[in-house]
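[1] what follows is a predicted protein model with its sequence.
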Amino acid sequence: RIAAVKTRLRALIAALHTHPSHEIMSGYFHAQPELCVELIDLLRPTVSSASISATSSDVVFGSPESTFQRDALDVLAKSGTIPYDVRLLAVETLTALVARRDGAGGVLSGSTRHSNILNELGVGKGQYLGLLPTLIRFSLASLSSFLSNVGGNENPSNSTSEQSQQQQQQGTSSKQSIGFELGLAFARATQEPPLPWDVMLERAFEFVDTVLTLTSAVISTSSGTSALTDCGLIPALLTAISVDSAKCLHELAGTLQAPQLQRVESLLRFITAQAVQIIEGAIVTHNNALNVFHDLQGVSILISKLSEEISRNIGADKTVSTTVAGGAEDDGGAAPMDCDPPESANGQSSSNISESASASAMEATPPAPNNDRKMRSSQRVLLFSIVTCLTVVFHHESTSSSATTPSGATEIRKPPLTKAIIEIMDNVNVYG
């Protein structure tokens with residue numbers, strides 16, 4: 001039955017995206033008015049109190065993953081009442097239904113209007129506890145909690161060894177310790193085995209990305225943007241963007257292999273980029289979203305994220321340059337953002353080159369591209385999304401009459417954004 005449900009959901013997704021006849025699709029949903037309700041019911045267990053409380057009691061103490069595996073993140077990844085693949089396909093089907101448009105005017109299709117999908121999703125005035133608003137807040141809060149807490153935890157192998165040493169020192173032969181161990185053994189035997197660490201992370205991040213895709217389709221309508229903004233969309237997105245993922249990735253480096261870590265890093269960047277794009281769409285569609293964005297210091301958060309990603313790219317380039325040089329110490333001291341060869345032709349000292357990369361790049365004749373600089377596609381997408389969103393925000397500020405927020409010119413003059421723009425303009429061949 002699960003295979004049949006998955007096949008039907010895939011067929012619906014393909015038909016909604018590709019079928020040219022709007023009348024046929026409207027007739028299909030008219031003949032099955034309960035279909036949208038059934039799709040929504042596939043997602044309700046994800047944010048139900050019973051599912052969350054059951055997962056909270058499923059943490060296996062003493063296992064290597066128990067130090068990192070957060071209950072909320074595990075809810076998004078594991079297959080409880082509804083299998084994970086079915087939940088993911090249900091969200092994709094709802095996204096295809098909401099995103100379907102009639103003609104060039106961009107109005108909702110007849111099948112979407114007839115199915116009343118926005119009301120079924122709980123997207124309406126005052127529906128703070130609707131399904132989609134709750135799912136958005138829960139998914140982003142789970143992600144933010146995981147990224148914030150994992151940096152403060154110890155390595156799972158170290159914590160497990162320390163626990164075993166403490167148990168040996170305190171003596172585990174007492175009746176109380178034996179009874180506790182028997183209880184844990186019974187819990188491990190009766191519950192579902194935990195997912196591997198890399199699978200759990202990838203599933204959870206993929207589900208969050210799919211939920212944000214549905215959100216971006218909903219905010220393309222003015223009614224959807226207004227309802228989600230009133231339900232706390234902008235604070236949830238900004239909280240997820242503001243979390244420093246570098247600390248989390250540093251802690252995970254000792255747990256995951258290099259390919260798995262790169263996969264997790266790419267997923268995190270794509271999720272952050274999609275969150276930025278949703279904010280941009282909400283600002284364009286609904287004026288109140290811009291006010292909430294400014295009240296929460298959204299410009300400062302985006303500028304901090306932009307500076308963080310550029311700094312990480314420069315730091316990665318330093319590592320690559322050191323590796324290519326084979327550990328040589330007399331390489332001329334060229335900074336990784338310079339376009340000059342290791343030995344400067346204009347006679348500048350190495351300290352001046354490292355302190356002023358933009359000046360050395362302009363003095364090079366002609367500026368040779370730095371082929372050592374490499375940037376992953378996920379990082380390029382994130383940087384492009386942040387710069388585009390800042391452009392939209394500054395444009396709306398210039399056309400509005402409000403004087404309570406600093407202008408775009410004032411923000412550009414601040415050192416973090418100034419340095420970021422100079423770095424991008426001096427290395428156009430890298431950033432695109």
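    That came through, no problem. Numbering: from 1, shown residues only.

[2] now for whichever helix or strand Ser148 is part of, which elements pack on it?
    For Ser148, the element it lies in under DSSP states H and E is helix 131-150. Counting contacts by 3 or more Cβ pairs under 8 Å, 6 or more residues apart in numbering; DSSP states H and E, helix 131-150 packs against helix 71-77, helix 197-218, helix 222-230, helix 233-242, helix 245-252, helix 258-285. Backbone N, C-alpha and C define where each C-beta goes, glycine included.

[3] could those go into TSV alongside mean neighbour count and distance to Asp295?
    Below are these laid out as TSV (neighbours: other Cβ atoms under 10 Å; distance: least, Cβ to Cβ, whole Å):
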stretch	mean neighbour count	distance to Asp295
helix 71-77	22	26
helix 197-218	21	21
helix 222-230	21	12
helix 233-242	22	9
helix 245-252	18	24
helix 258-285	20	13
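
[4] surely Val208 touches Leu268?
    No: Val208 is not in contact with Leu268 according to Cβ atoms under 8 Å; the separation is 9.6 Å.

[5] which of the helices and strands packed on helix 131-150 has the lowest mean pLDDT?
    Note on the helices and strands packed on helix 131-150: lowest mean pLDDT is at helix 71-77, with a mean of 72.

[6] just the C-alphas of it, formatted as CSV.
    Presented in CSV, the C-alpha positions along helix 71-77 are these (Å, rounded to 0.1, in the frame of the first residue of the first chain):
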residue,chain,number,x,y,z
ASP,A,71,14.5,15.1,19.5
ALA,A,72,12.9,17.7,17.3
LEU,A,73,15.4,17.1,14.4
ASP,A,74,14.8,13.4,14.8
VAL,A,75,11.0,13.9,14.3
LEU,A,76,11.6,15.4,10.9
ALA,A,77,13.8,12.5,9.8
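
[7] past that helix, which element shows up next along the chain?
    Taking DSSP H and E, what comes next after helix 71-77 is helix 84-99.

[8] quick one: low-confidence ranges for the protein?
    In the predicted model, the chain carries pLDDT under 70 at residues 49-72, 79, 100-115, 150-177, 179-180, 183-194, 315-373, 397-406, 408.

[9] now do 50
    54-70, 104-107, 151-164, 167, 172, 319-369, 371, 401 (pLDDT under 50).

[10] which residues touch Leu9?
    86, 89-90, 92-93 (Cβ atoms under 8 Å, 6 or more residues apart in numbering).

[11] now, of the residues you listed, which are buried?
    89-90, 92-93 (16 or more other Cβ atoms under 10 Å).

[12] what's the helix or strand for Lys419?
    Here Lys419 is covered by helix 415-426, with elements defined by DSSP H and E.

[13] that helix - contacts with which helices or strands?
    Against helix 415-426 (3+ Cβ pairs under 8 Å, 6+ apart) you get helix 298-324, helix 357-363, helix 408-413.

[14] what's the next secondary structure element after that helix?
    In N-to-C order, the element after helix 415-426 by DSSP H and E is helix 428-431.

[15] how about that following helix: buried residues?
    In helix 428-431, counting by 16+ other Cβ under 10 Å, buried: 430-431.

[16] residues making contact with stretch 213-224?
    Against stretch 213-224 from outside (Cβ under 8 Å, 6+ apart): 91-92, 94-95, 98-99, 106, 108, 118, 121, 123, 132, 136, 225, 228, 233, 274, 277-278, 281-282, 285-286.

[17] gap between the two ends of that stretch?
    End-to-end distance of stretch 213-224: 14 Å, with Cα to Cα, to the nearest Å as the criterion.

[18] CA-only coordinates of whichever strand or helix holds Phe384 in PDB, if you can.
    If you go by DSSP H and E, Phe384 is part of helix 377-399. Coordinates of the C-alpha atoms in helix 377-399 are reproduced here as PDB (Å, rounded to 0.1, in the frame of the first residue of the first chain):
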ATOM      1  CA  SER A 377      27.800  26.200  -6.000                       C
ATOM      2  CA  SER A 378      25.800  26.200  -2.700                       C
ATOM      3  CA  GLN A 379      27.900  29.100  -1.400                       C
ATOM      4  CA  ARG A 380      27.500  31.000  -4.600                       C
ATOM      5  CA  VAL A 381      23.700  30.600  -4.400                       C
ATOM      6  CA  LEU A 382      23.700  31.800  -0.800                       C
ATOM      7  CA  LEU A 383      25.800  34.900  -1.500                       C
ATOM      8  CA  PHE A 384      23.700  35.800  -4.600                       C
ATOM      9  CA  SER A 385      20.500  35.400  -2.600                       C
ATOM     10  CA  ILE A 386      21.800  37.700   0.300                       C
ATOM     11  CA  VAL A 387      23.000  40.400  -2.100                       C
ATOM     12  CA  THR A 388      19.800  40.300  -4.000                       C
ATOM     13  CA  CYS A 389      17.700  40.500  -0.900                       C
ATOM     14  CA  LEU A 390      19.700  43.500   0.400                       C
ATOM     15  CA  THR A 391      19.200  45.200  -2.900                       C
ATOM     16  CA  VAL A 392      15.500  44.800  -2.700                       C
ATOM     17  CA  VAL A 393      15.400  46.000   0.900                       C
ATOM     18  CA  PHE A 394      17.500  49.100   0.100                       C
ATOM     19  CA  HIS A 395      15.300  49.800  -2.900                       C
ATOM     20  CA  HIS A 396      12.100  49.700  -0.800                       C
ATOM     21  CA  GLU A 397      13.700  52.000   1.800                       C
ATOM     22  CA  SER A 398      14.600  54.500  -0.900                       C
ATOM     23  CA  THR A 399      11.000  54.600  -2.200                       C
END
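
[19] next, the angle helix 415-426 makes with that helix.
    120 degrees (axes from the mean of the first three to the mean of the last three Cα atoms, to 10 degrees).
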